[in-house]
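Novice: with the sequence up front, the predicted model follows.
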Amino acid sequence: MNRQTKTKGLSLAILFLIWVSLVSPASVKAAANIVLDGAFGDWAGQICIPDPAGDAASLESDLLNFCFANNPDDPTAYFMVERPSSKGWMEIWLYLDTNNNGLYQESADRRVRVSYKPQGNHSSVDVSLYTGSGSFLGNIATGMDWGESMHDDGGRVEWGVSLDSLGLQAGQPIRMYAQTMLGGTISDSTVEVQWSPANALGIPILGGILLAGSAWFIHQRRRVHV
């Protein structure tokens, strides 16, 4: 499903669930440090934005959850995407409005491309970084085993990007959303969220998360141009 078809009611329901999870001290304490290892138990208790099943152009590009986190004393933003079990290749784009002004095409903004290929008993994950205007900045990772294998159903992939690479300071509010691509066109998109990555001292700044890009706020102008 593209972002036009996300309903207002669904967005408000998700917002309520996220708010409940954020104000619960137990949920914050339960969250473990994220380790990029292709195992996903450490994502329990982290912030996840659900996305409806069956709203994409294909099973392998159907987003179910978009999650993000920080570790204490670690200036890295971590992300995870979940889809239905699939053996197919997945192309993900993460868009970050780093100056939080509602625009994603500025040179200070960032785009992260993730290629996820589940294989027999491992995975191959490539991560590359672009400016918001589409200029290539470099490869972050190549051939990493950061996703579930075919043997493990090929449903989840994780990656990390340093705050410095994103041009961010700890605690800086940003907007972001994730998209999947299929055959050069958008297959599925999450709603837009606002997040302040935890600061370098490990104090989580979680209370400000919003579903700022709810169903009625559509960004048809946002497309991958690289």
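Specialist: Alright, I've got the coordinates.

Novice: please make it C-alpha for all contacts and neighbour counts, starting now.
Specialist: OK.

Novice: now do stretch 58-69: distance from first to last residue.
Specialist: 27 Å (Cα to Cα, to the nearest Å).

Novice: how about stretch 38-57?
Specialist: 26 Å.

Novice: mean confidence for that stretch?
Specialist: Mean pLDDT, stretch 38-57: 97.

Novice: tally of neighbours for the closest residue in space to residue 62 that isn't next to it in sequence?
Specialist: Nearest non-adjacent residue to residue 62, counting by Cα to Cα, 6 or more residues apart in numbering: residue 56, 4.8 Å away. By other Cα atoms under 10 Å, 20 other residues sit near residue 56.

Novice: element containing residue 56?
Specialist: Remark: residue 56 resides in no helix or strand, with elements defined by DSSP states H and E.

Novice: is it true that it touches residue 83?
Specialist: No. Residue 56 is beyond contact range of residue 83, at 10.4 Å (criterion: Cα atoms under 8 Å).

Novice: quick check: neighbours shared by those two?
Specialist: 62-63 (Cα atoms under 8 Å, 6 or more residues apart in numbering).

Novice: hmm, back to that, ok, the residue nearest to residue 62 to residue 181 distance?
Specialist: Residue 56 is 10 Å from residue 181, by Cα to Cα.

Novice: which residues do the two both contact?
Specialist: 187-188.

Novice: with adjacent residues omitted, what lies nearest to the most far-flung residue of the chain relative to its centre?
Specialist: Distance from the centre of the chain peaks at residue 120, with 24.8 Å (Cα atoms, centre = their mean). Excluding the flanking residues, the one nearest residue 120 by Cα to Cα, 6+ apart is residue 150, at 5.1 Å.

Novice: list the buried residues in stretch 147-162.
Specialist: 147-150, 152, 154-161 (16 or more other Cα atoms under 10 Å).

Novice: my bad, stretch 47-55
Specialist: By 16+ other Cα under 10 Å, the buried positions in stretch 47-55 come out as 47-51, 55.

Novice: make a markdown table out of the residues you listed and add secondary structure.
Specialist: Output for those, formatted as a markdown table (DSSP: H, G, I helix; E, B strand; the rest coil):
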| residue | secondary structure |
| --- | --- |
| 47 | strand |
| 48 | strand |
| 49 | strand |
| 50 | strand |
| 51 | coil |
| 55 | coil |
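
Novice: between those residues, which is nearest residue 94?
Specialist: residue 49 (13.7 Å; Cα to Cα).

Novice: for the residue lying closest to the closest one once chain neighbours are set aside, what are its contacts?
Specialist: Closest residue in space to residue 49, ignoring its immediate chain neighbours: residue 66 at 5.1 Å, by Cα to Cα, 6+ apart. By Cα under 8 Å, 6+ apart, residue 66 lies in contact with 48-51, 79-82, 178, 190.
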